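J.: Next one to model:
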Amino acid sequence: MGRKTFESLPSTLPGRRLWVLSTQPPKPTTHAQFFPSIESALEAAVNEKLDVLYVIGGGKVFQQLMPLADEMRISKILAHVEGDVRFPSYALADWHLRFEQYFPADLRSPLPFLHQHWTRIA
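T.: Numbering: from 1, shown residues only. Okay, the predicted model is just below:
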């Protein structure tokens, strides 16, 4: 994730390792690892033999890593939401929708959303 996404989190994400891309010096933290570039983060992933990495934002990080993605797990909010970052557009012809599940609004999520799992075709 990018630094702004990291700073927007209200707390840590339990059970997950947080890798943050930032060219700015990190604030002291014990629950995240900082990388100055995508290349350095990918090199660390290879060195640690990680098979799967999840990209959770922000917009620039999504755009830069989209060409490397072979899967997408997207939560699509079914409402108009104000904001300054959007997921980048992608060619549907390059992707196959493997799974989709609808979640109505409830106490945990005040807005209805779809969870989608896509795999790259080409």
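J.: Show me where this structure has its strands.
T.: Applying DSSP state E to the chain gives strands spanning 18-21, 32-35, 71-77, 95-103, 113-120.
J.: mind putting those in JSON lines, mean neighbour count, distance to residue 64 and mean pLDDT included?
T.: For every residue, glycine as well, the C-beta is placed using N, CA and C. Formatted as JSON lines, the strands of the chain follow (neighbours: other Cβ atoms under 10 Å; distance: least, Cβ to Cβ, whole Å; pLDDT from 0 to 100):
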{"stretch": "strand 18-21", "mean neighbour count": "19", "distance to residue 64": "9", "mean pLDDT": "92"}
{"stretch": "strand 32-35", "mean neighbour count": "17", "distance to residue 64": "13", "mean pLDDT": "91"}
{"stretch": "strand 71-77", "mean neighbour count": "13", "distance to residue 64": "15", "mean pLDDT": "95"}
{"stretch": "strand 95-103", "mean neighbour count": "12", "distance to residue 64": "18", "mean pLDDT": "97"}
{"stretch": "strand 113-120", "mean neighbour count": "15", "distance to residue 64": "16", "mean pLDDT": "97"}
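J.: Residue 85 is nearest to which of these?
T.: strand 71-77 (12.7 Å; Cβ to Cβ).
J.: which helices and strands sit right next to that closest one?
T.: If contacts are counted by 3 or more Cβ pairs under 8 Å, 6 or more residues apart in numbering; DSSP states H and E, strand 71-77 sits against strand 113-120.
J.: The strand it packs on packs against which elements?
T.: By 3+ Cβ pairs under 8 Å, 6+ apart, strand 113-120 packs against strand 71-77, strand 95-103.
J.: I'd like the ones you listed laid out as JSON lines, including distance to residue 36.
T.: What follows is those, written out as JSON lines (distance: least, Cβ to Cβ, whole Å):
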{"stretch": "strand 71-77", "distance to residue 36": "26"}
{"stretch": "strand 95-103", "distance to residue 36": "31"}
